[in-house]
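Novice: From the sequence below, what's the structure:
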Amino acid sequence: MLTGTELLEGLNPAQKEAVETVDGPLLIVAGPGSGKTRVITHRIAYLARVYGVSPHQIAAVTFTNKAAREMRDRLQRLVGVGADSLTVGTFHSFCARLLRYDGDIIGLSPNYSIYDSDDQLNMIKQSLELAELDPKRNHPRAVQSVISKAKSLLLDSRGLDQTAQNFFEESCARVYHHYEELLARNNALDFDDLLLKTVQLLRASDAIREKYQQRYQYLMIDEFQDTNIAQYRLAQLLTGEDHNVCVVGDPDQSIYSWRNADIRNILSFQQDYPEAKTIALEQNYRSTANILEAAKSLISSNGMRLEKDLFTDNAKGTPLTIHEAYDEGEEAGFVITEIDRLVRQEKVKLGDCAVMYRVNAQSRALEEACLHKGMKYRLVGGVRFYQRREVKDLMAYLHLLNNPQDEINLSRVINVPPRGIGAKSMQDMVAYSHNQGIALYAALQQIAAAKAEGRLSPVRLTPRAVTAVASFIAVADRLIDLAQRMKVVELINLVLEESGLRSYIQNGDDLPDERWENILELREIAQEFNAEEPPNGLTTLLERISLVADVDSYNESEDSMTLITLHQAKGLEFPVVFIVGLEEGLLPHIRAVESGDEIELEEERRLCYVGITRAQQRLYLLRAFRRGFRGSNGPTLASRFLREIPSSLVSSPSAKPRQTGSANTGTFTAGSFTKAPTVVNSDAWAKAVSQAPPSPHRPTLNVGDMVRHTAFGEGVVMDNTAVDGDYEVTVQFADGVGVKRLLLSFAPLEKVAG
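Specialist: Coordinates of the predicted model:
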């Protein structure tokens with residue numbers, strides 16, 4: 001445990017000022033690699049050890065479990081006695097715990113389930129049926145995206161209906177209404193609800209709001225640039241009259257607008273809190289001077305920023321390498337060969353190397369190259385452990401025992417292992433439960449009771465199905481009762497035996513040993529919660545697992561190269577970084593390029609900036625002349641971001657470079673093309689596009705038509721307006737893409753039969 005003087009030792013002047021500023025609103029603008037986590041933890045320790053604030057009255061929230069774990073570990077060493085009473089966690093875990101304690105004020109039972117994105121999608125599909133809307137014209141993922149955005153703006157279904165801008169949003173409001181009812185029936189929340197319901201609770205009850213304002217005298221928010229409206233409002237409600245709120249972030253690293261993050265929160269903090277003090281952490285401890293200068297040059301083109309002058313005392317370091325490959329196969333081959341050279345000749349560890357890319361599909365060529373070379377790698381964001389079938393099956397049983405109203409998880413396990421309860425039987429039982437206004441589990445209990453008493457089943461089922469339902473309910477009722485009294489690990493063992501899951505997995509013909517190992521891994525994870533009194537151990541386990549993200553399982557000590565998207569890489573750092581796919585349409589993404597929206601392009605630039613600033617010692621930027629992507633395999637254009645990096649920071653090629661279309665594009669290292677490419681700069685490309693004649697094959701589109709875009713996927717036409725001899729088409733795309741306005745003569749749209 002450190003003294004006050006020791007807590008300040010080794011801090012630079014800006015860091016020290018941030019630690020010692022304890023009262024009132026404080027904005028810390030923290031550049032990449034500027035010791036942000038150190039400042040946060042030392043400031044909390046300073047509050048507790050020097051300023052005399054009880055750790056019980058301090059809360060720190062961030063966005064990933066990994067960041068929260070790192071923060072807690074440091075605080076244990078810095079604060080010492082009392083560190084356990086600090087509140088440190090993610091926004092969602094903070095809200096989940098608050099709702100367990102006080103959610104009954106707004107009618108929420110403490111044993112509620114938290115639904116993941118797949119569960120949410122299932123309920124959206126059910127809600128579309130209840131709203132009598134065609135899922136082909138109202139794509140479930142597009143509807144899910146609109147509802148998620150509405151919740152981030154603190155809108156319920158009525159609010160969305162009142163603010164709807166078009167017919168599609170009006171339809172989504174109808175679906176949202178049924179979705180709300182289904183969630184309530186299932187005693188369940190989705191991720192967005194955790195924030196929305198907490199804000200509703202704090203708004204609804206003065207007593208509860210004052211209780212938490214008294215509890216949390218000092219609030220710290222990490223990664224503030226990633227907050228949405230709901231999170232910002234939550235922070236305001238938790239902060240009392242003293243406004244002792246410290247927010248830490250960097251607008252230049254705001255890359256999650258697709259998760260409804262609102263960069264305006266950090267840009268307008270000083271307006272919302274006029275008395276706020278602003279401190280900039282500008283010294284970078286992570287990267288070489290060359291890498292930092294490249295990042296600064298790139299991001300300087302953005303307009304939505306808070307100015308800061310990043311600098312470093314680190315060495316100039318190795319120049320950047322910009323490499324042009326013929327296709328994605330050659331690009332991957334260069335990456336693997338160069339990593340192999342670094343490991344053999346320069347004593348770089350394999351685990352020091354990371355390859356980053358814009359979209360998950362880019363990992364395929366890299367994985368194939370690793371397998372061909374026999375190089376060990378880890379893929380962040382592949383099939384997640386908790387999404388594996390056997391793990392989800394066991395988790396569904398545990399969710400059901402914790403919350404018998406949970407229809408989604410009940411439907412998953414009622415016929416796992418197979419019991420002879422088919423889809424038609426399930427459909428009839430669900431319809432009966434909805435008509436009776438009761439939970440599905442209660443309907444199953446009625447069927448079982450009727451059989452036990454020799455009466456006809458209230459639902460018309462085959463005798464085999466009735467027997468299967470009665471058998472399932474007998475086991476489930478017993479396990480639900482025992483879940484209130486058994487330690488969580490013992491409960492898992494009993495569920496595996498009595499449900500038949502153990503035998504089903506071990507005697508299956510689909511990788512039984514591997515699947516059983518996954519079950520044992522889950523049981524080992526549950527050991528952490530075995531000390532809690534029942535049923536708290538089960539509730540805490542389910543809550544923790546529901547809020548796990550891909551990057552949370554990242555193990556820095558593993559000696560294998562990392563394949564990771566640029567979005568997932570935020571918060572990590574590596575001695576050697578390769579960023580592949582620096583091409584127009586990929587980075588920046590085609591959505592931003594075709595929309596022409598400067599706000600979207602600035603976020604793409606910030607994403608590239610985040611990737612560059614992950615690198616400590618070496619940075620490689622790669623592009624391919626041709627790339628097979630989204631069904632095409634045509635020539636590409638060098639990313640405009642390459643032109644924004646000074647050529648003075650780039651290494652000279654080992655052989656004569658290819659001629660590029662712009663002297664500002666940077667120098668590419670030589671590669672081994674089978675065909676020499678012609679590279680056109682982005683300005684020339686943009687001019688060519690602007691002068692291109694309209695497509696003679698443009699489809700005739702009407703409102704409500706289903707269309708397919710080569711990059712955005714499928715969507716629904718919301719509007720089609722004549723503009724200067726062309727048509728501006730407004731399309732609501734699925735998969736989180738959102739609404740886009742496109743010129744019909746240029747947009748690669750095709751009509752899809754409905």
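Novice: Give me the buried positions along the helix or strand hosting Gln15.
Specialist: Here Gln15, judged by DSSP states H and E, is contained in helix 13-20. Across helix 13-20, burial judged by 16 or more other C-beta atoms under 10 Å covers 14-20. From N, CA and C alone the C-beta is placed, and that goes for glycine too.
Novice: of those, closest to Leu155?
Specialist: Nearest to Leu155 among these is Ala18, at 35.6 Å by C-beta to C-beta.
Novice: pretty sure the closest one is touching Arg43, no?
Specialist: Yes. Under the criterion of C-beta atoms under 8 Å, Ala18 makes contact with Arg43 at 6.4 Å.
Novice: Distance check, the nearest residue to Leu267 once chain neighbours are set aside against His567.
Specialist: Spatial nearest neighbour of Leu267, chain neighbours left out: Pro251 (6.0 Å); criterion: C-beta to C-beta, 6 or more residues apart in numbering. Distance from Pro251 to His567, counting by C-beta to C-beta, to the nearest Å: 17 Å.
Novice: Arg502 too?
Specialist: Separation of Arg502 from His567 (C-beta to C-beta): 38 Å.
Novice: and the nearest residue to Ala468 once chain neighbours are set aside, how many neighbours?
Specialist: Of all residues not flanking Ala468 in the chain, Arg419 sits nearest, at 4.1 Å (C-beta to C-beta, 6+ apart). Neighbourhood size, Arg419 [other C-beta atoms under 10 Å]: 17.
Novice: Is Arg419 part of a helix or strand, or is it coil?
Specialist: coil (DSSP: H, G, I helix; E, B strand; the rest coil).
Novice: Please tell me the pLDDT value assigned to it.
Specialist: pLDDT, Arg419: 91.
Novice: Repeat that for Thr3.
Specialist: 65.
Novice: same question, the one 3 residues further on
Specialist: Predicted confidence (pLDDT) at Glu6: the value is 79.
Novice: Dump the C-alpha coordinates for the helix or strand hosting it into PDB.
Specialist: Using DSSP H and E, Glu6 falls within helix 4-8. Backbone C-alpha positions of helix 4-8 (Å, rounded to 0.1, in the frame of the first residue of the first chain) are rendered in PDB as follows:
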ATOM      1  CA  GLY A   4       0.200   9.900  -0.800                       C
ATOM      2  CA  THR A   5       3.700  10.900  -1.900                       C
ATOM      3  CA  GLU A   6       4.400   7.500  -3.300                       C
ATOM      4  CA  LEU A   7       1.200   7.600  -5.300                       C
ATOM      5  CA  LEU A   8       2.400  10.600  -7.200                       C
END
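Novice: Give me the distance between Phe63 and Glu644.
Specialist: Per C-beta to C-beta, Phe63 is found 28 Å from Glu644.
Novice: Which one of these two is surrounded by more residues?
Specialist: A count of neighbours by other C-beta under 10 Å puts Phe63 above the other of Phe63 and Glu644, at 23 against 17.
Novice: Would you agree the more buried one is in contact with Thr90?
Specialist: Yes. The criterion here is C-beta under 8 Å, and Phe63 meets it with Thr90 at 6.1 Å.
Novice: Output the below-cut-off pLDDT ranges for the protein.
Specialist: In the predicted model, the chain carries pLDDT under 70 at residues 1-4, 381-384, 549-557, 629-633, 652-699, 722-726, 735-738, 745-746, 753-754.
Novice: now the farthest one out in it, which residue is it?
Specialist: Distance from the C-alpha centroid of the chain, by C-alpha atoms, centre = their mean, peaks at Gly454 (51.6 Å).
Novice: part of a strand, is that one?
Specialist: No. Gly454 is assigned coil when assessed by three-state DSSP, not a strand.
Novice: Tell me the spacing between it and Val466.
Specialist: From Gly454 to Val466 the distance is 12 Å (C-beta to C-beta).
Novice: Over to Ala615?
Specialist: 64 Å.
Novice: go on, Asn402?
Specialist: 27 Å.
Novice: Likewise for Phe385?
Specialist: Distance from Phe385 to Val466, by C-beta to C-beta: 37 Å.
Novice: More neighbours: which of the two?
Specialist: A side-by-side neighbour count of Phe385 and Val466, using other C-beta under 10 Å, places Val466 first with 20 against 15.
Novice: quick one, what contacts Val391?
Specialist: Neighbouring residues of Val391 by C-beta atoms under 8 Å, 6 or more residues apart in numbering: 385, 518-519, 522.
Novice: let's go with 10 Å and repeat that
Specialist: By C-beta atoms under 10 Å, 6 or more residues apart in numbering, the contact list for Val391 reads 384-385, 515, 518-519, 521-522, 525, 545.
Novice: With His92 instead?
Specialist: The neighbourhood of His92, defined by C-beta under 10 Å, 6+ apart, consists of 61, 63, 65, 114, 191-195, 198, 231, 543, 546-547, 549.
Novice: ok, now Arg515?
Specialist: If you count contacts by C-beta under 10 Å, 6+ apart, then Arg515 has 388-391, 393, 504-506, 508 around it.
Novice: Surely it is within a strand?
Specialist: No. Read with three-state DSSP, Arg515 is helix and lies in no strand.
Novice: Give me the more crowded residue out of Arg502 and His567.
Specialist: Each of Arg502 and His567 has its neighbours counted (other C-beta under 10 Å); His567 has more, 20 against 17.
Novice: which strands and helices sit next to the helix or strand where Lys211 lies?
Specialist: In the assignment (DSSP H and E), Lys211 maps to helix 206-215. On a contact count with 3 or more C-beta pairs under 10 Å, 6 or more residues apart in numbering; DSSP states H and E, helix 206-215 meets strand 58-62, helix 91-102, helix 191-204, helix 229-238.
Novice: Distance-wise, check Leu189 relative to Lys151.
Specialist: Distance, Leu189 to Lys151, by C-beta to C-beta: 10 Å.
Novice: These two: which is more packed in?
Specialist: Neighbours were counted for Leu189 and for Lys151 using other C-beta under 10 Å; Lys151 has more, 26 against 23.
Novice: follow-up on the earlier one: for the residue nearest to Ala468, grab phi and psi.
Specialist: Backbone geometry at Arg419, expressed as degrees, to the nearest 10, gives phi -120, psi 0.
Novice: Pretty sure it sits against Ala465.
Specialist: Yes. Look at Arg419 against Ala465 with C-beta atoms under 10 Å: they come within range, at 8.7 Å.
Novice: sorry, back to before: mind listing which of the contacts of Val391 are in helices?
Specialist: 515, 518-519, 521-522, 525, 545 (DSSP state H).
Novice: just the helices in the stretch 451-600 of the chain please.
Specialist: 463-483, 488-498, 501-506, 512-526, 536-546, 566-569, 590-595, 598-612 (DSSP state H, counting those that start in this stretch).
Novice: who wins for proximity to Ala184 among those?
Specialist: Of all those, helix 536-546 sits nearest to Ala184, with 18.1 Å by C-beta to C-beta.
Novice: can you give me the helices for the stretch 51-200 of the chain?
Specialist: 65-79, 91-102, 117-130, 140-152, 157-163, 167-185, 191-204.
Novice: Out of those, which gets nearest to Asn536?
Specialist: Among the helices of the stretch 51-200 of the chain, helix 91-102 sits nearest to Asn536 (C-beta to C-beta), with 9.4 Å.
Novice: Give me the buried positions along that closest one.
Specialist: Quick answer for helix 91-102 (16+ other C-beta under 10 Å): 91-100, 102.
Novice: the inter-axis angle of it versus helix 536-546?
Specialist: Between helix 91-102 and helix 536-546, the angle comes out at 150 degrees (axes from the mean of the first three to the mean of the last three C-alpha atoms, to 10 degrees).
Novice: that older thread, nearest approach to Gln270 belongs to which of the helices and strands packed on helix 206-215?
Specialist: Gln270 lies closest to helix 229-238 among the helices and strands packed on helix 206-215, at 13.8 Å (C-beta to C-beta).
Novice: Only the buried residues of whichever helix or strand comes after that closest one, if you could.
Specialist: Using DSSP H and E, the helix or strand that follows helix 229-238 in sequence is strand 245-249. Under the neighbour-count criterion of 16+ other C-beta under 10 Å, strand 245-249 has 245-249 buried.
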